[in-house]
Every structure is written in C-alpha cells, then in structure tokens.
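# coordinates for the following, if possible.
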Amino acid sequence: MPEARESLITGIGLVSCLGEGLDAHWQGLNAAPPAADATAFAPYIVHRVVPLELDKQIPKKGDQRQMEPWQRIGTYAAGLALDSAGLKGKAEFLARMDMIVAAGGGERDAQVDLNVAAGVDKAAKAEAFVNERLMSDLRPTLFLAQLSNLLAGNISIVHGVTGSSRTFMGEESSGVEAVRVAQARIAAGQSTLALVGAAYNAERWEVMLHFALGRRLARGESKPVWQREGMELGTIGAFLVIEEKEHALSRGAKPFARITTVASDHVKRTPGAVTAALEKLWGKLGKLDPAQAAVISGASGVAPATTEERAFLDQTGLVVRATGTHLGHGLEPQFPANIALAATALGHGKLFAPEEPSERPMDGALRQVVVTSIGHWRGEGLALVEAVD
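This next block holds a predicted model:
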C-alpha cells in the first residue's frame, strides 16, 4: 500500500474582529480581547468583523453588489489565502485547484420577511399572499435564504478557482469535514492542491432569533469562553490552501505547518457523550510530545458540551487556549480559523498568551497543536497540526 502523502498549509486567509491577516491575529491574541458589541443585538453579544477594503480582493463593484456580507467576507478571505500561497492569478494552478467550502443556508432577506409579516394578517387569503410576495420579492438566488453554494461560485468567478467544487452544510461539522476531506484526498493521491474554508456573518437579527429560540446564546456582558453560558456569535472568514508536500516543494512554496490528522464524529448528546467522543478521537491523533504540544479549542460556551470538553482537556495535561474569547463563535469557519491560528503559532514557535485566568502560560517551544471542534448542538472533530522543518 503506498505511503500517505503529506498535507501542508501553504496559504492562509483570515478575517475577524481582530483584523485581517496573520499578523493582526497574532498581535490580537496576545492582547486583551477587543470589546464585543453588547448593544446592537441586546441582550445578545456579537463580535463584529473589522471593516474590509473589498476592492483589494473583489475589484469589481458589480461582484460586490450581488453578494451578501457572508459571501463578501468569504470571497475576501479566500483571496487572502491565495495571495498568501503565491497563487493569486496563476491560472495554471487555479484551473486544477479543488475547492471545498463549508456554508450555512446563507442570509435571509430581512426586508422581505418584514413585508410578509406586516401584510399577511391583512390579506384575504394568507397562503396566496405569501406565495405572491415570495415570487415577486425574492431574487432567483434566494429560497428565503441564499443558496449555500453561492460562496464557492463567487470565489470561482472572482479568483478563477475552477477545479472541482464541493459545498458542505452542517454548522461546525461542515468546517471539520471540509478540512478532513481535503486532507484525506491529498493523502490518497486524489488531489494535490485545495482551497478550503468558510465564512459566517453573525451580525444579523435572524440568526440571533434562530439561536435564541434554541436557548444557545449568552446574554449581557461579554465573558471568556470558559465562563460563558451560551454562545457569543462572531463574524469570521477563514480559508486555507492545503497542498501535497512534493507539489508545494516543486513550486518553491514555504509551508506554515502540516495537517497530520483530522478525525470527526457525530454523537447523540447524552450526558458523557462528548467525553466519550473526545476519548475516541484523541486516540486517532498519533504520538504527542506533552512538552511541545498544546490545544487550541473551538469551544462554543454552550453547556454541557463546553464543560465536558474542558474537563477532558484538563486531564490531558496540555496547555489549552479557547480562541472564541477573542473571536466569538463563528460556526462553519471556527475549525478552519483555529487551524489557521495553530499554523500561525507553530510558525512563531510558541503559543500565544492565555486568554483568561484559567488558562496556563506555556513557555516552551511549540511543535504540535491539537485543534478541537465540539459543536454547540452536534458534531465533534479534532485535528493535529504540526511544525515543519
């Protein structure tokens, strides 16, 4: 059986409330968390993305206008990743680059929702009124929300990525599966070059309503992840260029890190289920050096999953960081964003500062990072990201 091929991260594009690019995120993670917005969607909290100069990555105004914010954020982050990998505008690579995107159902047209709600009680025939308004008010690319594969389509149009394309849906799990499938295809010899990532716009009333009805949101003032009683949503765009080792070396690419393992699960959330899932997934990671390894957690703050995850991680003895304290929780892009941050830390050879008092400092050299993703409702995943010499 042929030896599995290595998957290297050769490009990273990241935007969030901390800024855009790796330097901004490294500096932000080593400073106090920026103030989250606790007023615009009160009593709920959102971590807003910094303003983006869209022209830098989406030069055509027409392209910008036809996208909703989540697509602009994702297309922008994808452009940053291609720039980072040295592949922007290189058609010979982009034409065979696979694209795997994790996406939600897109953004609803809030004004249409309001118009329908305002008029339906006054209509003589409510069903006919709703059908008429939806037929006339919604754009062809909407089915109350936007089509989930529009992000991949816009990345293809704007950046010229024209290889195979896949879009996964399923909140945090879709982000895990996007990275897992890319790494598995490279390991199996089915792919040499992939653009992988996701985007999420948290600054929308309909998502606040959705998660509030599910009793998944924290209220009041922003708190660190391990102290939260629910999610503080965050707007995030995160894309990775993942490349087979020999392919990367042949074009002179300088890798950030290596993705050694990605494992996922989908358990029924009974008491202790998260612990059991983590135990099983942890066994698939391979050998860890406790003196040079750490954990970057994608914990959401939702109980009891977050409590179980922290208890398990404390038993491993590894130093832990929950990046949601700074970024908020971005669902689909949370996992690729944390892989990007793991690769950034490995590039610096050290872990960033503790996010809150319950997290221990790490003074030694960093060579391995375990990235976790325990979904707020379902879905569990781990990745091992390692330094490259």
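# confirm that residue 290 sits in a strand.
No: Residue 290 is assigned coil when assessed by DSSP: H, G, I helix; E, B strand; the rest coil, not a strand.
# so how far is residue 293 from the nearest residue to it once chain neighbours are set aside?
Among residues not flanking residue 290 along the chain, residue 317 sits closest, at 5.8 Å (Cβ to Cβ, 6 or more residues apart in numbering). For the C-beta atoms, the positions are set from N, CA and C on the backbone; glycine is no exception. From residue 317 across to residue 293, the span is 10 Å (Cβ to Cβ, to the nearest Å).
# between these two, tell me which one has more neighbours.
residue 293 (23 against 9; other Cβ atoms under 10 Å).
# was I right to think the more buried one contacts residue 368?
Yes: the pair residue 293 / residue 368 is scored as a contact, 4.0 Å apart, by Cβ atoms under 8 Å.
# report all helices and strands that the helix or strand encompassing residue 79 contacts.
Using DSSP states H and E, residue 79 sits in helix 69-85. On a contact count with 3 or more Cβ pairs under 8 Å, 6 or more residues apart in numbering; DSSP states H and E, helix 69-85 meets strand 7-16, helix 150-159, strand 193-200, strand 236-244.
# next one, pLDDT for the residue located most distally from the centre of the chain please.
Here the centre of the chain is the reference, and by Cα atoms, centre = their mean the most remote residue is residue 124, at 45.2 Å. pLDDT recorded at residue 124 is 88.
# how much space between it and residue 132?
12 Å.
# the closest residue in space to residue 302 that isn't next to it in sequence: which element?
Spatial nearest neighbour of residue 302, excluding adjacent residues (Cβ to Cβ, 6+ apart): residue 376 at 4.3 Å. Using DSSP H and E, residue 376 is not contained in any helix or strand.
# what's the neighbour count on residue 376?
22.
# go on, residue 289?
Neighbour tally, residue 289, other Cβ under 10 Å: 10.
# surely it is in contact with residue 366?
No: counting by Cβ under 8 Å, residue 289 does not reach residue 366; the two are 10.3 Å apart.
# beta partners of residue 320?
Counting by DSSP bridges, residue 320 forms beta bridges with residue 295.
# check contacts around it.
Counting by Cβ atoms under 8 Å, 6 or more residues apart in numbering, residue 320 touches 294, 295, 297, 310, 313, 314, 359, 360.
# quick check: domain ranges of this structure?
7-109+142-250, 259-386 (automatic domain parsing).
# now do the buried residues in stretch 55-68.
57, 58, 63, 64, 67, 68 (16 or more other Cβ atoms under 10 Å).
# got any ranges where the chain has weak pLDDT?
1-3, 138-146 (pLDDT under 70).
# find the centremost residue of it, please.
Using Cα atoms, centre = their mean, the most central residue of the chain is residue 333, at 1.1 Å.
# what about that residue, distance to residue 165?
From residue 333 to residue 165 the distance is 18 Å (Cβ to Cβ).
# what sits in contact with each of residue 317 and residue 293?
Between them, residue 317 and residue 293 share no contacting residue, judged by Cβ under 8 Å, 6+ apart.
# quick one: the helices in this structure?
22-29, 61-66, 69-85, 91-94, 110-120, 126-137, 150-159, 171-187, 205-213, 245-250, 273-282, 305-316, 324-327, 334-348 (DSSP state H).
# tell me which of those helices sits nearest to residue 266.
helix 171-187 (6.6 Å; Cβ to Cβ).
# take that closest one, keep the C-alpha atoms, and write them as PDB.
C-alpha atoms of helix 171-187 as PDB (Å, rounded to 0.1, in the frame of the first residue of the first chain):
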ATOM      1  CA  GLU A 171     -22.600  24.200  11.100                       C
ATOM      2  CA  GLU A 172     -19.400  23.300  13.000                       C
ATOM      3  CA  SER A 173     -19.300  19.800  11.500                       C
ATOM      4  CA  SER A 174     -19.200  21.100   7.900                       C
ATOM      5  CA  GLY A 175     -16.000  23.100   8.700                       C
ATOM      6  CA  VAL A 176     -14.400  19.900  10.200                       C
ATOM      7  CA  GLU A 177     -15.500  17.800   7.200                       C
ATOM      8  CA  ALA A 178     -14.200  20.300   4.700                       C
ATOM      9  CA  VAL A 179     -10.700  20.100   6.100                       C
ATOM     10  CA  ARG A 180     -10.900  16.400   6.700                       C
ATOM     11  CA  VAL A 181     -11.900  15.600   3.100                       C
ATOM     12  CA  ALA A 182      -9.200  17.900   1.700                       C
ATOM     13  CA  GLN A 183      -6.500  16.200   3.800                       C
ATOM     14  CA  ALA A 184      -7.900  12.700   3.000                       C
ATOM     15  CA  ARG A 185      -7.900  13.300  -0.700                       C
ATOM     16  CA  ILE A 186      -4.400  14.600  -0.700                       C
ATOM     17  CA  ALA A 187      -3.300  11.600   1.400                       C
END
